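**Student:** using only what follows, build the 3D model:
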Amino acid sequence: MDAIEGRRLAAPHLVEIEGNHVWLKGGRCRACGKLSFPFAGICCFCQEEQMTPARLAREGKLYAFSVVHAAAKGWRVPYVLGYVDLADGIRVLGHIEADPKTLCPDMPVALDLGVIRSEADGSPVYSYVFAPTGGSR
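**Tutor:** Below you'll find the predicted structure:
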């Protein structure tokens, strides 16, 4: 597990932090132009090996979600997992930081960094999360 700017990250290869913003590290195929997440060396659409790193959109809409009530030791339960349709057309799975009673499909959300679990010593472990933006549905 690596740290970025003093934070322990669950999957540092998935995110990039610049100032107060977090970005998902995706890939764009030079052959077909399609985006993917996470970054891979081969395009999952055309199987070409012409992938270049790409920052994905930070905003999107909640497609669907589920509340998880059982997890491994150290995980905060219950937690919400959801699919988010990013503004650049790609769908990603991630933690949703919100009361599930307030969530609904097509709700605008934005990417952030949040605590998803704790280490045995109690120190927080961060990952990318999505949170409602309060925009119109």
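
**Student:** so who does Gly41 touch?
**Tutor:** Glu49, Met51 (CB atoms under 8 Å, 6 or more residues apart in numbering). (Glycine included, C-beta is placed from N, CA and C.)

**Student:** part of a helix, is it?
**Tutor:** No. Counting by DSSP: H, G, I helix; E, B strand; the rest coil, Gly41 is not part of a helix but coil.

**Student:** and for the residue nearest to Ala31 when sequence neighbours are not counted, the neighbour number?
**Tutor:** Spatial nearest neighbour of Ala31, chain neighbours left out: Glu48 (3.9 Å); criterion: CB to CB, 6 or more residues apart in numbering. Residues lying near Glu48 (other CB atoms under 10 Å) number 13.

**Student:** for Glu48, list the residues it contacts.
**Tutor:** Glu48 touches Cys29, Arg30, Ala31, Cys32, Ile42, counting by CB under 8 Å, 6+ apart.

**Student:** any idea how far the last one is from Gly33?
**Tutor:** Right, the one you point to is Ile42. Plainly put, Ile42 is 15 Å away from Gly33 if you go by CB to CB, to the nearest Å.

**Student:** one step back: out of the contacts of Glu48, who's nearest Gly134?
**Tutor:** Gly134 has its nearest neighbour among the contacts of Glu48 in Cys29, at 34.4 Å by CB to CB.

**Student:** quick one: residues contacting the closest one.
**Tutor:** Cys29 touches Ser36, Cys43, Phe45, Cys46, Glu48, Gln50, Met51, counting by CB under 8 Å, 6+ apart.

**Student:** equivalent analysis for Lys61, please.
**Tutor:** Val84, Asp85, Pro105, Asp106, Met107, Pro108, Val109.
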